[in-house]
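Asker: requesting a structural model of the entry that follows:
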Amino acid sequence: MSEPDSDPITRFNNILKVVAVLALVLMSYNLWSFFNSSRYQALCNASYWEMNKSQLDSCLDQKRALEGK
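Answerer: As a prediction, the model looks like this:
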C-alpha cells in the first residue's frame, strides 16, 4: 500500500496550494505598493520609492495639514 504523500494528485494539490499562497502574497504587496505610491504621488508629486526619509516626513506633514490635525 502506498503512502498518501507519494500520490501524484496529492503532491500536485499541495504544490498548487503553495503557489496560490505565494501568488496571493505577491498580489497583495503589489496592490499595497500601488496605493502607497499613488498617495505620495498625489500629495507631493513624487514617487514613494524615490524620496528619502526627510521628504517622506515632509509629505506626511502636508497630509496632516490637509486633514486639519
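Asker: now the residue nearest the centre of the chain: how far from Asn36?
Answerer: If you average the C-alpha coordinates of the chain and look for the closest C-alpha using C-alpha atoms, centre = their mean, you land on Tyr29, 1.4 Å from that point. Plainly put, Tyr29 is 10 Å away from Asn36 if you go by C-beta to C-beta, to the nearest Å. C-beta coordinates here come from the backbone N, C-alpha and C atoms, glycine included.
Asker: next helix or strand past the helix or strand containing Tyr40?
Answerer: In the assignment (DSSP states H and E), Tyr40 maps to helix 8-44. Downstream of helix 8-44, the first helix or strand assigned by DSSP H and E is helix 53-67.
Asker: tell me which residues are up against that next one.
Answerer: Tyr40, Leu43, Cys44, Ala46, Tyr48, Met51 (C-beta atoms under 8 Å, 6 or more residues apart in numbering).
Asker: same thing with stretch 17-24?
Answerer: Counting contacts by C-beta under 8 Å, 6+ apart, no residue outside stretch 17-24 touches it.
Asker: quick thing: my sequence starts at 26, can you match it?
Answerer: That works, and once the first residue is 26, the last one we named lands at stretch 42-49.
Asker: quick one: average pLDDT of it?
Answerer: Per-residue pLDDT values across stretch 42-49 average out to 98.
Asker: measure Glu92 to Tyr73 for me?
Answerer: With distances taken as C-beta to C-beta, Glu92 is found 19 Å from Tyr73.
Asker: more neighbours, these two?
Answerer: Neighbour comparison, Glu92 and Tyr73: the larger count goes to Tyr73, with 17 against 7 (by other C-beta atoms under 10 Å).
Asker: quick one: contacts for the more buried one?
Answerer: Neighbouring residues of Tyr73 by C-beta under 8 Å, 6+ apart: Asn61, Ser62, Arg64, Tyr65, Gln66, Leu81.
Asker: residues touching the closest residue to the fifth one other than its chain neighbours, list them.
Answerer: Spelled out, that is Gln66. Nearest residue to Gln66 in three dimensions, chain neighbours excluded: Ser72, at 6.4 Å (C-beta to C-beta, 6 or more residues apart in numbering). Contacts for Ser72 were tallied using C-beta under 8 Å, 6+ apart; they are Ser62, Tyr65, Gln66.
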